[in-house]
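J.: Any chance you can model this:
(one chain, ligands or ions: 1)
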Amino acid sequence: MNRMISKSASALSRKTLTSSFAKTSVRSITTLQETLAAQVPEKQAKLTQLKKEHGSHVIGNVTIDQCIGGARSVKCMLWETSNLDAEEGIRFRGLTIPECQAVLPTYSGKTGDGEPLLESLFWLLLTGEVPTKEQADSLTAELHARSTLPAHVVPLLNSLPKQMHPMTQLSIGLMAAQTESKFSKAYADGVPKKEYHLHALEDILSVVAQLPEIAATIYRNVYFDGKVNKDLSLDYSGNFCRMLGYDDPSFDELMRLYLCIHTDHEGGNASAHATHLVGSTLSDPYLSYSGGLNALAGPLHGLANQEVLKWIQELKSKFDAEGKEVNAESITEFAWETLKAGKVIPGYGHAVLRKTDPRYTCQREFALKHIPDDPLFKLVDTIYQVMPGILKEHGKVANPYPNVDSHSGVLLWHYGFTQYQYYTVLFGVSRAVGALSQLYWDRALGLPLERPKSVTPEWLWSQVQK
Ligand code: CMX
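T.: You can find the predicted model right below:
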């Protein structure tokens with residue numbers, strides 16, 4: 001572990017990096033920092049070539065619909081870490097979720113036996129390479145070593161009102177930890193632009209390392225005794241489960257799956273985009289990801305997972321009170337009541353996807369394997385049978401199929417994690433890994449301030465009246 005930490009510190013200068021390469025032969029693994037250092041010059045050169053030789057090549061047009069309609073499908077953002085296909089769903093560095101499950105190192109060490117380690121997906125997202133188990137373990141050690149929070153953070157969290165939404169608390173907690181930002185200090189010290197990514201990586205690893213304790217402190221404060229117990233002999237997800245107060249290997253596996261599948265969903269989604277946008281001003285990774293968390297806290301985005309559970313609970317209590325069975329027929333009735341009231345069915349629809357979200361499918365498969373007889377799972381499955389038909393008949397929704405948020409709460413609920421107001425915090429811990437992996441490349445590739453052009457309604461009218 002110590003060797004890993006000293007490697008990370010040495011990543012801060014080119015000179016020491018060169019000397020660290022010289023020592024690689026006497027060590028058994030190539031570190032994350034060394035892997036990235038080897039990739040950066042080639043990626044920079046390729047991007048420079050693309051700009052120089054093809055900078056004026058047209059890749060799309062923008063319609064008035066897109067301009068006033070949330071920029072759907074406008075191609076104007078570079079994203080290294082993942083890509084979302086409307087039909088197929090997400091690929092992390094080219095790998096689908098089942099492919100990740102087949103090749104990424106797991107807790108047991110036997111690939112394909114259990115869910116991937118979050119650390120192995122973090123490595124993949126950052127580097128584009130599948131790590132060995134040793135490399136994933138070295139990242140676990142590095143994250144554990146960076147997990148200590150600045151002394152003022154837990155007292156600050158303890159002082160927050162319990163009724164404050166957990167996502168607000170998460171954002172405050174991360175903002176408070178920003179006092180330790182290496183990136184903002186390096187910038188103030190005047191380091192050259194070509195070294196920004198080295199300092200950004202320091203913060204990125206620390207943010208990912210520190211988020212679980214901030215999140216667990218919030219959970220334990222709001223719902224329990226405020227006590228958080230770490231177990232650093234475990235992986236990132238297992239330790240997070242212990243801090244939350246859960247000690248069940250099956251729940252650890254669920255958390256590994258949960259944290260992996262929520263990491264990244266290409267760049268256009270609100271949390272990833274907000275992180276990228278704030279980071280483009282050279283705000284440090286703590287501040288950038290706080291921006292991402294605030295976007296994730298909206299009900300059309302990450303908050304939908306709590307809304308799904310709320311919707312199901314409302315449905316159940318209504319029909320229990322009326323002495324009616326909860327079945328396909330009563331679900332259909334409740335869905336139409338929701339739609340006729342002008343509300344959305346949470347967990348259904350997507351801005352890009354046009355098929356069932358593979359993140360939904362893999363959670364369904366987890367449920368079929370681990371909790372097939374769970375009554376709430378059966379209910380969600382029945383909703384899945386009827387809802388696409390209802391939404392098609394409703395006629396407005398571009399995608400009548402379930403998204404990731406439709407299933408996650410049900411799995412958590414099974415393990416006694418019933419505090420659904422908190423669910424988006426788990427999403428927030430995970431999304432850091434994707435959004436911040438990209439933020440590393442934003443700085444390594446020297447991407448500029450993001451500043452699209454806005455137009456006035458008068459200008460739009462002038463275009464059509466010409
Ligand atoms: N229930 C009812 N109406 C829906 C709907 C749903 N699940 N999904 C979309 N619609 C409506 C929209 O509100 C819109 O109505 P208006 O024309 O009156 O504004 C119309 O259908 C067309 O919308 P769309 O093109 O299908 O969807 P958008 O790209 O505009 O929005 C999303 C995408 C996810 C915000 C939307 O489907 C939605 O609100 N879903 C429910 C909330 C949800 O599950 N969010 C989580 C998404 C995943 C995530 O980010 O975590």
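J.: Could you use CA atoms for every contact and neighbour count after this?
T.: OK.
J.: which other helices and strands contact the longest helix along the chain?
T.: Assignment by DSSP state H gives helix 196-223 as the longest helix of the chain. Other helices and strands packing on helix 196-223, by 3 or more CA pairs under 8 Å, 6 or more residues apart in numbering; DSSP states H and E, are helix 133-145, helix 153-158, helix 166-177, helix 182-189, helix 236-244, helix 285-296, helix 423-444.
J.: And it, what's buried?
T.: By neighbour count on 16 or more other CA atoms under 10 Å, the buried set for helix 196-223 is 196-222.
J.: next one: stretch 283-299
T.: 283-297.
J.: what do you get for stretch 236-253?
T.: 236-246, 251-253.
J.: Just put those in JSON lines and tack on pLDDT.
T.: Formatted as JSON lines, the buried residues of stretch 236-253 follow (pLDDT from 0 to 100):
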{"residue": "236", "pLDDT": "98"}
{"residue": "237", "pLDDT": "98"}
{"residue": "238", "pLDDT": "98"}
{"residue": "239", "pLDDT": "98"}
{"residue": "240", "pLDDT": "98"}
{"residue": "241", "pLDDT": "98"}
{"residue": "242", "pLDDT": "98"}
{"residue": "243", "pLDDT": "98"}
{"residue": "244", "pLDDT": "98"}
{"residue": "245", "pLDDT": "98"}
{"residue": "246", "pLDDT": "98"}
{"residue": "251", "pLDDT": "97"}
{"residue": "252", "pLDDT": "98"}
{"residue": "253", "pLDDT": "97"}
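J.: Return the residues in contact with residue 387.
T.: Residues near residue 387 by CA atoms under 8 Å, 6 or more residues apart in numbering: 332, 335, 400, 401.
J.: Backbone dihedrals for the nearest residue to residue 82 once chain neighbours are set aside, please?
T.: Sequence neighbours aside, residue 92 is the residue nearest to residue 82 in space, at 4.4 Å (criterion: CA to CA, 6 or more residues apart in numbering). Per-residue torsions, residue 92: phi -90, psi 110 (degrees, to the nearest 10).
J.: surely residue 221 meets residue 159?
T.: No - Residue 221 is beyond contact range of residue 159, at 9.7 Å (criterion: CA atoms under 8 Å).
J.: For the residue nearest to residue 82, name its beta-bridge partners.
T.: For residue 92, the beta-bridge partners are residue 82, residue 95 (DSSP bridges).
J.: Tell me how far it lies from residue 51.
T.: Using CA to CA, to the nearest Å, residue 92 is found at 25 Å from residue 51.
J.: higher neighbour count, these two?
T.: Neighbour totals were compared for residue 92 and residue 51, and residue 92 leads with 24 against 12 (other CA atoms under 10 Å).
J.: show me the contacts for that one.
T.: Going by CA under 8 Å, 6+ apart, residue 92 touches 81, 82, 83, 100, 124, 125, 264.
J.: Could I get those residues in JSON lines, plus columns for pLDDT and distance to the ligand?
T.: Formatted as JSON lines, the contacts of residue 92 follow (pLDDT from 0 to 100; distance: CA to the nearest ligand atom, whole Å):
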{"residue": "81", "pLDDT": "98", "distance to the ligand": "17"}
{"residue": "82", "pLDDT": "98", "distance to the ligand": "15"}
{"residue": "83", "pLDDT": "98", "distance to the ligand": "15"}
{"residue": "100", "pLDDT": "98", "distance to the ligand": "20"}
{"residue": "124", "pLDDT": "98", "distance to the ligand": "22"}
{"residue": "125", "pLDDT": "98", "distance to the ligand": "19"}
{"residue": "264", "pLDDT": "98", "distance to the ligand": "11"}
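J.: With distance to residue 354 and neighbour count as extra columns, can I get these in JSON lines?
T.: Shown next, in JSON lines, are these (distance: CA to CA, whole Å; neighbours: other CA atoms under 10 Å):
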{"residue": "81", "distance to residue 354": "21", "neighbour count": "26"}
{"residue": "82", "distance to residue 354": "18", "neighbour count": "21"}
{"residue": "83", "distance to residue 354": "15", "neighbour count": "19"}
{"residue": "100", "distance to residue 354": "22", "neighbour count": "24"}
{"residue": "124", "distance to residue 354": "26", "neighbour count": "21"}
{"residue": "125", "distance to residue 354": "24", "neighbour count": "25"}
{"residue": "264", "distance to residue 354": "18", "neighbour count": "27"}
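J.: returning to what we had before: and the buried ones among the contacts of residue 387, selectable in ChimeraX?
T.: Restricted to buried positions by 16+ other CA under 10 Å, the ChimeraX selection for the contacts of residue 387 reads:
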select :332,335,400,401
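J.: Pick the one among the contacts of residue 387 closest to residue 116.
T.: residue 401 (26.0 Å; CA to CA).
J.: Help me confirm that the closest one comes into contact with residue 388.
T.: Yes - at 5.5 Å, residue 401 and residue 388 qualify as touching, with contact defined as CA under 8 Å.
J.: Which residue ranges of the stretch 1-150 of the chain form helices?
T.: Assigned by DSSP state H, counting those that start in this stretch, the stretch 1-150 of the chain shows helices spanning 2-10, 14-23, 32-54, 64-68, 97-103, 118-127, 133-145.
J.: For the longest one, enumerate the helices and strands it packs against.
T.: Taking 3+ CA pairs under 8 Å, 6+ apart as the contact definition, the neighbouring helices and strands of helix 32-54 are helix 14-23, helix 118-127.
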